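>>> what's the 3D shape of this:
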Amino acid sequence: MDIREAWNILKEEGFKRTKHRERILEYVAAHDRYMTALEIRDVLAADHPGISYDTIYRNLATFVELSILEETELEGERHFRMQCDASAHHHHFICRICGKTETIPHCPLDLISLDLPDHSIEGHKFEVYGKCPDCLTA
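Here you go, the predicted model:
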């Protein structure tokens with residue numbers, strides 16, 4: 001998803017274009033990785049000293065609710081990134097050091113569902129965590 005698409009969704013849902021929303025979306029879109037609300041607040045506070053953690057967090061939650069951002073939990077903390085290809089089912093490898101992601105196009109549920117023939121699976125989440133090649137050599 002790009003920023004233009006994000007603004008179209010926000011407009012359709014009745015949200016106004018604000019400087020804080022603009023900066024949050026610009027920052028997240030510029031970094032292809034998961035990041036925390038605190039990290040985003042710390043970066044944006046340099047240019048917008050009055051921006052609060054609550055403002056960042058509320059906007060991130062709204063963006064997730066509208067499928068503009070993806071969310072995952074790493075070590076007990078919510079992390080966010082721009083929504084990637086929402087039309088194709090996939091999963092991610094997530095680097096625990098830098099937060100970069102790699103798409104995993106195959107779904108392990110295909111194999112797991114063979115072991116549950118009499119069950120109705122209603123959803124799942126599958127993520128792989130580790131270190132990317134850059135962080136392995138650092």
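
>>> And the helices in the chain?
Along the chain, counting by DSSP state H, helices occupy 3-12, 19-30, 37-45, 53-65, 109-112, 133-137.

>>> in the first one, what's buried?
Buried residues in helix 3-12, counted by 16 or more other C-beta atoms under 10 Å: Ala6, Trp7, Leu10. Where you see a C-beta, it was placed from the backbone N, CA and C, and this is true even at glycine.

>>> cool, the fourth one as well?
When neighbours are counted by 16+ other C-beta under 10 Å, the buried residues of helix 53-65 are found to be Thr55, Ile56, Tyr57, Asn59, Leu60, Thr62, Phe63.

>>> ok, the fourth one to Pro133 distance?
Taking C-beta to C-beta, to the nearest Å as the measure, Asn59 and Pro133 are separated by 33 Å.

>>> Ok, Leu10 next?
36 Å.
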